[in-house]
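Peer 1: let me see the structure of the following:
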Amino acid sequence: RPDYLLPRYNQAALLVAGGKTDGRERAGRLLDQLLRLAPDFAPAYFLKGRIASEDSDLAGALLQYEPAARLDRTFWKAHYNQALVALDLGRLNVAQPRFSQLAKDFPTRAEPHFNLGRIAYREERYRDAVDAYRKALAMAPDYPEAQLNLGLALDAAERFDEALAAFDAVRTHPQVGASAELNRGIVLEHLGRLDEARAAFTAAEHARSGYPAALYNLARLDAKDGNHAQAALAYEQVLAKDPNNLKAAVNLGVERAASKDWTGAADAYRKALTLSPDYPPALFNLGLALRNAKKLDEASETYRRLIETDEENTKAYKNLAVVYALQGRHDQAALILLTALEGAASDTGLRFNLALQYVALKRDTDALSELTRVLRLAPHHLKAALTLATLQRAAGDLDAAAQAIEPFVRSAKPPAKARLSLALTRLAQGHRDAAAAELTPVLDVDAGNVRALRLLLRADAALGRTRLQAALTQAPNSPALLKLQRELAPPKEPEIK
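Peer 2: So this is what the prediction gives:
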């Protein structure tokens, strides 16, 4: 290598080390001049690859590292960076054989095994990842990143005790300690040791002040515990540190919604949509928040936008229909549900909601048809059976109403609503004893069920009064029971003046 090349190369290296864009541009021009003089000078290609990497042009970096590695088989950094950039580009089929070759050509280096572990982890080959990280640690015991990644691979392989041991080994390391504590917390959460998990997340946040991932996981634990206000505050702290955290913005909306703060929830979902304008969970939850805030026009517009983004989102169609129904636009609700059913004919939720719209539109024949289809597709759909029985009673078809409900009443655990519906049908048929027989088990479980008491009073007045007194003994201050008692009291004689 002629001596006159070295001053130009060293000047270019200093410019790159300066870390400034204009310095890298000047360095690139110097290196181009140098390569015209010495086209086989491998370090110049390597430095051009570094410039491309620092300019976030990974594909360009790969093109420059290739000749650097080809021209000098002993040039470790050129070969290593070539494989590393391929990995960063997601070209695992290129990166893996190169790292495997590096492991053979440079048998004392731990880095190839470390990166083979990364590739195996991405491909969900967790056992291979564990083996690769352990090889790296055998060559370089003080390799904190390998130790941390070993813990991640063991966690993914559900070898939780080993994962905890791996994270424990680097908990106090200045570079990876915070990440180790964070991941210890995640493993402890998997094991159901929530108090220890919380302590680990707190330690991670202390190790790296304002650590967004630690705050995020603390917020999740608060939400699990039902501390929605505390969880919302923690998500706000996450967003203060990491304003582009999409999941934190959505979860902030969820926690505010759990506290019935619909306006605050909508604001959080709108924040999420500034980060990802068509993010389905944000759009769906925004529509729900606006609906609960009684902003029905905005809610319907949001659901229409979601449907444009995700035409197969049946929940969006369903919720848009609910909004239309709340606006009294039952005909439009029915149309949107029919549109959804074109691509999801067996969706019982859509069909049941369509039947409800037909009921509201007084199209009872169509409603009966849809409810029958729902029960054919889902025989255990209780709401459909209850609605069908109600329509059949109204039409005077009492035998059919009883047949719709009887399978639920004869099940191992009969729902109270099914027994009440069948009792109502028996009363309409004039079978008072049969009605009382259905109501007694309901009151055995829930003595204060006012609807059951009212029906029992119609079926058997004496038994109904006895049951009412028993319920009042258990709940003497129940407003609903006291009201029923007053209704049964004989009218007072008018005062004689």
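Peer 1: which residues are contacting stretch 269-281?
Peer 2: Contact with stretch 269-281 is made by 239, 244, 246, 249-250, 252-253, 282-283, 285-286, 289, 306, 309-310, 313, as judged by Cβ atoms under 8 Å, 6 or more residues apart in numbering. C-beta: built from backbone N, CA, C; applies to glycine.
Peer 1: which pair of the residues you listed spans the longest distance?
Peer 2: Using Cβ to Cβ, the contacts of stretch 269-281 span at most 26.2 Å, a distance reached by Leu239 and Asn313.
Peer 1: quick revisit: buried ones among the contacts of stretch 269-281?
Peer 2: 239, 246, 249-250, 252-253, 282-283, 285-286, 289, 306, 313 (16 or more other Cβ atoms under 10 Å).
Peer 1: so what's the closest residue to Glu124 other than its chain neighbours up against?
Peer 2: Closest residue to Glu124 apart from its sequence neighbours, by Cβ to Cβ, 6 or more residues apart in numbering: Ala156 at 7.5 Å. The contact partners of Ala156, by Cβ under 8 Å, 6+ apart, come to Tyr121, Glu124, Tyr126, Ala129.
Peer 1: and what of Thr309?
Peer 2: Per Cβ under 8 Å, 6+ apart, neighbours of Thr309: Asp278, Pro280, Leu283.
Peer 1: can you tell me which of these end up in helices?
Peer 2: Pro280, Leu283 (DSSP state H).
Peer 1: the helix or strand that contains Leu335: which residues count as buried?
Peer 2: In the assignment (DSSP states H and E), Leu335 maps to helix 330-341. Using 16+ other Cβ under 10 Å as the test for burial, helix 330-341 gives His330, Gln332, Ala333, Ala334, Ile336, Leu337, Ala340, Leu341.
Peer 1: just checking, what packs against it?
Peer 2: helix 314-326, helix 348-360 (3 or more Cβ pairs under 8 Å, 6 or more residues apart in numbering; DSSP states H and E).
Peer 1: dump those helices to JSON lines, plus mean neighbour count, mean pLDDT and distance to Leu221.
Peer 2: Output for the helices and strands packed on helix 330-341, formatted as JSON lines (neighbours: other Cβ atoms under 10 Å; pLDDT from 0 to 100; distance: least, Cβ to Cβ, whole Å):
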{"stretch": "helix 314-326", "mean neighbour count": "22", "mean pLDDT": "94", "distance to Leu221": "28"}
{"stretch": "helix 348-360", "mean neighbour count": "23", "mean pLDDT": "95", "distance to Leu221": "32"}
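Peer 1: same list (those helices) but as TSV, adding distance to Leu472.
Peer 2: Listed next are the helices and strands packed on helix 330-341 as TSV, based on distance: least, Cβ to Cβ, whole Å:
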stretch	distance to Leu472
helix 314-326	38
helix 348-360	36
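Peer 1: of the ones you listed, which is nearest Ser56?
Peer 2: Closest approach to Ser56 among these (Cβ to Cβ): helix 314-326, 36.7 Å.
Peer 1: what does that closest one rub up against?
Peer 2: By Cβ under 8 Å, 6+ apart, helix 314-326 touches 283-284, 287-288, 291, 296, 299-300, 303-304, 306-307, 310, 330, 332-334, 336-337, 339-340, 344, 347, 349-350, 353-354, 356-357, 360.
Peer 1: repeat that for 6 Å
Peer 2: 287, 291, 296, 299-300, 303, 306-307, 332-333, 336-337, 340, 344, 347, 349-350, 353 (Cβ atoms under 6 Å, 6 or more residues apart in numbering).
Peer 1: run a quick neighbour tally on Gly328.
Peer 2: 10 (other Cβ atoms under 10 Å).
Peer 1: mind checking pLDDT for it?
Peer 2: At Gly328, the model reports a pLDDT of 95.
Peer 1: helix or strand for it, just tell me which one.
Peer 2: Going by DSSP H and E, Gly328 is not in any helix or strand.
Peer 1: tell me where the longest helix sits in this protein.
Peer 2: helix 21-37.
Peer 1: which strands and helices sit next to it?
Peer 2: Other elements packing on helix 21-37 under the criterion 3 or more Cβ pairs under 6 Å, 6 or more residues apart in numbering; DSSP states H and E are helix 5-17, helix 42-54.
Peer 1: and it, what's buried?
Peer 2: Gly23, Arg24, Arg26, Ala27, Gly28, Leu30, Leu31, Leu34, Leu35.
Peer 1: could you do stretch 99-107 as well?
Peer 2: Buried residues in stretch 99-107 (16+ other Cβ under 10 Å): Phe99, Ser100, Leu102, Ala103.
Peer 1: what does stretch 47-62 give?
Peer 2: Leu47, Lys48, Gly49, Arg50, Ile51, Ala52, Ser53, Leu58, Gly60, Ala61, Leu62.
Peer 1: nearest residue to the second one in space, please, no chain neighbours.
Peer 2: Beyond its immediate neighbours in the sequence, the residue positioned closest to Lys48 (Cβ to Cβ, 6+ apart) is Gln64, lying 4.2 Å away.
Peer 1: what helix or strand is that neighbour located in?
Peer 2: helix 58-71.
Peer 1: now the helices: where do they sit in the stretch 151-300 of the chain?
Peer 2: Taking DSSP state H, counting those that start in this stretch as the test, the helices found in the stretch 151-300 of the chain are 160-168, 177-190, 194-207, 212-224, 228-241, 246-258, 262-275, 280-292, 296-309.
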